[in-house]
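>>> Need coordinates for the below:
(2 chains)
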There are 2 protein chains.
Amino acid sequence: MKITPVILAGGAGTRLWPLSNDEKPKQFHDITGDGTLLEATIRRLLPLNPDTCVIATSGTYEKMSMKELDRTGLHGKVLVEPEAKNTAPAILFSAIYFSRLFDDSIMIVLPADHYIRRSDIFIDTIKAAILEAGKDNLITIGIKPTSPETGYGYIKAGGGNGTAFKVERFVEKPDRETAERYILEGNYFWNAGIFVWKASAIINSFKEFMPGLFREFTPLLSLSAEEIALNSGKIFELKKKIFSNINGISIDYGIMEKAENKIVIPADLGWKDLGSWNSIDEVLEQDENGNRSPAHNPVFVSSKNCSVFSEGRTIALVGVENLVIVESGNNILVMNKNNNQEVRKVVEALKKRKE
Amino acid sequence: MKITPVILAGGAGTRLWPLSNDEKPKQFHDITGDGTLLEATIRRLLPLNPDTCVIATSGTYEKMSMKELDRTGLHGKVLVEPEAKNTAPAILFSAIYFSRLFDDSIMIVLPADHYIRRSDIFIDTIKAAILEAGKDNLITIGIKPTSPETGYGYIKAGGGNGTAFKVERFVEKPDRETAERYILEGNYFWNAGIFVWKASAIINSFKEFMPGLFREFTPLLSLSAEEIALNSGKIFELKKKIFSNINGISIDYGIMEKAENKIVIPADLGWKDLGSWNSIDEVLEQDENGNRSPAHNPVFVSSKNCSVFSEGRTIALVGVENLVIVESGNNILVMNKNNNQEVRKVVEALKKRKE
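As a prediction, this is how the structure comes out:
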């Protein structure tokens, strides 16, 4: 069966300001020095020989997305979501597109903004997932937790064959104590939002668990794949109408928590959700003073434990510790690593100034 | 008698990197939000109705200097020093120029990179100095010390009339204990390098105390003022030869320490040598959190006691304290205020990279 990845590249997010902003969200930036996150996400899949690829995003990022895709050499389409409505509609939209293009295919659903260090293990894991998906199961990849994170949802694994396990349940972001218990118990995994399934299987699940949403999308079922992929014209107007009628809902809530045929494949991928400046520290190598920088070598004088992200300007640090420094476009951030959560206050303040 | 200021605008200095550098030293920057230091220095003199003005600097800064002068509306010339040879040669050069232009005049010699808050008191002080200069004295302005600074030279005042005092002696940068004693004694003043004298008086002093230097300059005595001001051609070649033959020496060592007819006029000018990032803090107003910025309003979130210098980019500070942040051209400095002295290490490191 054809292999057809879907990269979810919609969100913007302000926690990586000034690098990530509405004009150019984080997936279009080279944060780690390995190419943009979107490009790295696509390249990571190439050993699977995918037949085509879909990037689901908003119209704002259509051209940027196409450029990243072109750079990888993989053929594909940008499916523009007329409105951001969370993951379930984007996935159904893609599944219908693939079902019109290839009759059926194996979909690999991935967020565009994650870091995965061990791409070989990633490939092996996806291959195992593809086998399970062939049995009409819905597969989610479970990340072996390395710490009692309270910022992620967890997947509880039940019985299995050593590689693939029944999903016993999905659990919300736990408190610290609960997360520590999960780690000790050993059968809880982080929910990374990476899914593998047949297009037909997920379409059937939508019919069963989200019939209202599915009904809204039925006008697309009679279109050709080419028409579905149109990002302008009459058919795009139709899609706009569909998206304006539906509610935003995640695939986790909408399908995964309800479906019976769900399987988790645990894996130790060196995975990281690059959701904040501090999280990026964990994927960058540090020098003997704990300083990190993916590129454009800064000058460190009497400075320790600082992380510097530059688009090319020379940044010099003198006598400072525990800072994140970012220069991007016309903006510069100087932040104490302990104040990671306050970046959004900057974004709010700047928004207010514009008013 | 004509009033003829000489602005000494030669030096570069690396302690205000990245703002101040060889291409554009600090005197050409608007550091305090009041216009460039050079422009402010010229404007401060305008109430004296000067007849013309000389900016003594190197060829590199000729055009920049002329631009600043033009902006003030004062007529004047840039006297290019073919080589940097400290203050004495530049002053003699200017004195000869003025003596050819006006026969005699009152010279006011000022560094281009000082900050003076009380310009009205400055004008009164210079007027008092002009009176004294009329008596063929050499006048130096003595800044009333506000703290036991060890980074400045001091002038010890002797007997006087309440406004003008005989200079008893010049003293080198003292240690802390000595500086504290000076403050207590009350008749010691900071040497700011601001001088007032007749062109004829300083030329006579050169003849007496620096006859070797004076001899080198004698070829200029037969030229017209216009020729002396030429910054190219045969006559500039002659000046180049003169400057390459002489030693660099300050007016303090060369003349002031030896002359008898020297007078100090003490003044409380709100004066500041803007020699380091920390010194600039003292001339900038702070907000309720101790944050300072002359322009381009930065975003301060949970931050205290920081100073931000921007050429226009948006700088956001989150959870930081006691930092100086400067963006200029292609460079960004993030410095702990306690590490003020280490800026030069950055300049050295960057120089090495280029090698």
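
>>> continuing past the lowest-mean-pLDDT helix or strand in chain A, what's the next helix or strand?
Lowest by mean pLDDT, DSSP states H and E among the helices and strands of chain A is helix A:277-281, with a mean of 87. Scanning forward in sequence from helix A:277-281 by DSSP states H and E, the next helix or strand is strand A:299-301.

>>> Who are the packing partners of the following helix or strand past that next one?
Downstream of strand A:299-301, the first helix or strand assigned by DSSP H and E is strand A:307-309. Contact here means 3 or more C-beta pairs under 8 Å, 6 or more residues apart in numbering or on different chains; DSSP states H and E; on that basis strand A:307-309 packs against helix A:277-281, strand A:323-328. Heads up, the C-betas are built off the backbone N, CA and C, glycines and all.

>>> Where does the closest residue to chain B within the stretch 51-200 of chain A sit, in terms of helix or strand?
Closest residue of the stretch 51-200 of chain A to chain B, C-beta to the nearest C-beta: residue A:151 (19.2 Å). Assigned by DSSP H and E, residue A:151 falls within no helix or strand.

>>> Can you name the residues of the stretch 251-355 of chain A that neighbour chain B?
By the rule C-beta under 8 Å from any C-beta of the partner chain, the part of the stretch 251-355 of chain A lying against chain B is A:299, A:301-302, A:312-320, A:323, A:325, A:327, A:330-336, A:338-339, A:342-343, A:345-346, A:349-350.

>>> Which of the residues you listed are buried, as a ChimeraX select command?
Remark: buried members of those, expressed as a ChimeraX selection using 16 or more other C-beta atoms under 10 Å in any protein chain shown:
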select /A:299,301,302,313,314,315,316,317,318,319,320,323,325,327,331,332,333,334,335,336,339,342,343,345,346,350
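
>>> in chain A, which ranges drop under the pLDDT threshold?
Confidence mapping of chain A against pLDDT under 70 gives the ranges A:12.

>>> tell me the domain boundaries of it?
Domain segmentation of chain A under automatic domain parsing yields A:3-273, A:277-354.

>>> follow-up on the earlier one: settle this for me: the residue of the stretch 51-200 of chain A closest to chain B is touching residue A:278, isn't it.
No - taking C-beta atoms under 8 Å as the definition, residue A:151 is not a contact partner of residue A:278, at 11.0 Å.

>>> Looking at those two, which is more packed in?
residue A:278 (16 against 12; other C-beta atoms under 10 Å in any protein chain shown).

>>> Please enumerate the helices of chain A.
For chain A, the helices defined by DSSP state H occupy A:37-45, A:62-72, A:87-102, A:119-133, A:176-185, A:199-209, A:211-221, A:225-228, A:234-245, A:251, A:277-281, A:343-354.

>>> Just the CA trace of the fourth one, in CSV.
This file holds the C-alpha atoms of helix A:119-133, laid out as CSV (Å, rounded to 0.1, in the frame of the first residue of the first chain):
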residue,chain,number,x,y,z
SER,A,119,15.8,8.9,13.1
ASP,A,120,16.8,5.3,12.6
ILE,A,121,14.7,4.1,15.5
PHE,A,122,12.0,6.4,14.3
ILE,A,123,11.9,4.6,11.0
ASP,A,124,11.9,1.2,12.6
THR,A,125,9.0,2.3,14.8
ILE,A,126,7.0,3.6,11.9
LYS,A,127,7.6,0.4,10.0
ALA,A,128,6.2,-1.6,13.0
ALA,A,129,3.3,0.8,13.1
ILE,A,130,2.6,0.3,9.4
LEU,A,131,2.4,-3.5,10.0
GLU,A,132,-0.2,-2.8,12.7
ALA,A,133,-2.1,-0.3,10.6
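
>>> how far out from the middle of the chain is that helix?
17 Å (C-alpha atoms, centre = their mean, to the nearest Å).

>>> again, but for the fifth one
Counting by C-alpha atoms, centre = their mean, helix A:176-185 is centred 25 Å from the centre of its parent chain.

>>> do the same with the longest one
Relative to the chain's own centre, helix A:87-102 is displaced by 17 Å; criterion: C-alpha atoms, centre = their mean.

>>> What of the last one?
On the basis of C-alpha atoms, centre = their mean, the separation between the geometric centre of helix A:343-354 and that of its chain is 25 Å.

>>> The shortest one now?
Taking C-alpha atoms, centre = their mean, the mean C-alpha location of helix A:251 is offset from the chain mean by 13 Å.

>>> on contacts alone, who are the packing partners of it?
If contacts are counted by 3+ C-beta pairs under 8 Å, 6+ apart, helix A:251 sits against helix A:87-102.

>>> for chain A, what's the longest strand?
Longest strand of chain A, by residue count under DSSP state E: strand A:188-198.

>>> what are the phi and psi values for residue A:250?
Dihedral pair for residue A:250: phi -90, psi 150, per degrees, to the nearest 10.

>>> List the contacts of it.
Going by C-beta atoms under 8 Å, 6 or more residues apart in numbering or on different chains, residue A:250 touches A:86-88.

>>> List the residues that contact the residue minimising distance to the centre of chain A.
For chain A, the residue nearest the mean C-alpha position is residue A:111 (1.7 Å; C-alpha atoms, centre = their mean). Going by C-beta under 8 Å, 6+ apart, residue A:111 touches A:7-8, A:41, A:192-194.
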